[in-house]
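**Q** predicted coordinates and the sequence they were generated for:
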Amino acid sequence: MPLEPLVCARTATRVSSVLHRDVKQFGKQHLFDGSEDTCWNSDQGTSQWVTLDFPSPVKVSQLHVQFQGGFSSRLCTLEGCRTGEELVKISELYPQDSHAMQISFQVEETVLDKLKITFGSSTDFFGRVVVYHLGVLGERL
């Protein structure tokens, strides 16, 4: 069965911060809009994160991410859980500091309703992270 994008209009998305609180220009909606010209840009901080609350259970298989070089994360920690449970660490990913789409992150398949992606160890001195594209692929259950 081919993998499908799991984020839809009913997926509740939250982010740790937005640069200068300029949601229109740098908000979370730009993570999934498919445009090469828009991005989510976090504000300063030691670690930034994105949470996804899916409308129904999913089995996540892959993570695709495109950072802006110089504003990427050296370590991405994935945590997930079912509704009403505590987040549990699923895996750690080690992206490159590059503007290229990074597709090959295989995730240990886990059934979940909520996914948290924490971007630690930013390559930016101030801890900012810039993401042009975030893709979560897998299967809806």
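**A** Perfect, thanks for sending it.
**Q** show me where the chain has helices.
**A** In the chain, the helices defined using DSSP state H lie at 23-26.
**Q** shaky segments in it?
**A** Scanning the chain for pLDDT under 70 picks out the ranges 1, 103-105.
**Q** OK, contacts around the closest residue to Thr83 other than its chain neighbours?
**A** In space, and not counting its chain neighbours, Thr83 is closest to Asp113: 4.6 Å by CB to CB, 6 or more residues apart in numbering. The C-beta positions use only the backbone N, C-alpha and C, and glycine is treated the same way. Applying CB atoms under 8 Å, 6 or more residues apart in numbering to Asp113 gives the contacts Asp53, Phe54, Ser56, Pro57, Val58, Cys81, Arg82, Thr83.
**Q** ok, now with 10 Å
**A** Neighbouring residues of Asp113 by CB atoms under 10 Å, 6 or more residues apart in numbering: 52-58, 80-85, 141.
**Q** just give me the closest of the residues you listed to Ser91.
**A** The closest of these to Ser91 turns out to be Gly80 (CB to CB; 9.7 Å).
**Q** which strand residues bridge the closest residue to that closest one other than its chain neighbours?
**A** Distances taken as CB to CB, 6+ apart put Leu112 closest to Gly80, at 3.7 Å, once the chain neighbours are dropped. Assessed by DSSP bridges, Leu112 has beta-bridge partners Val58.
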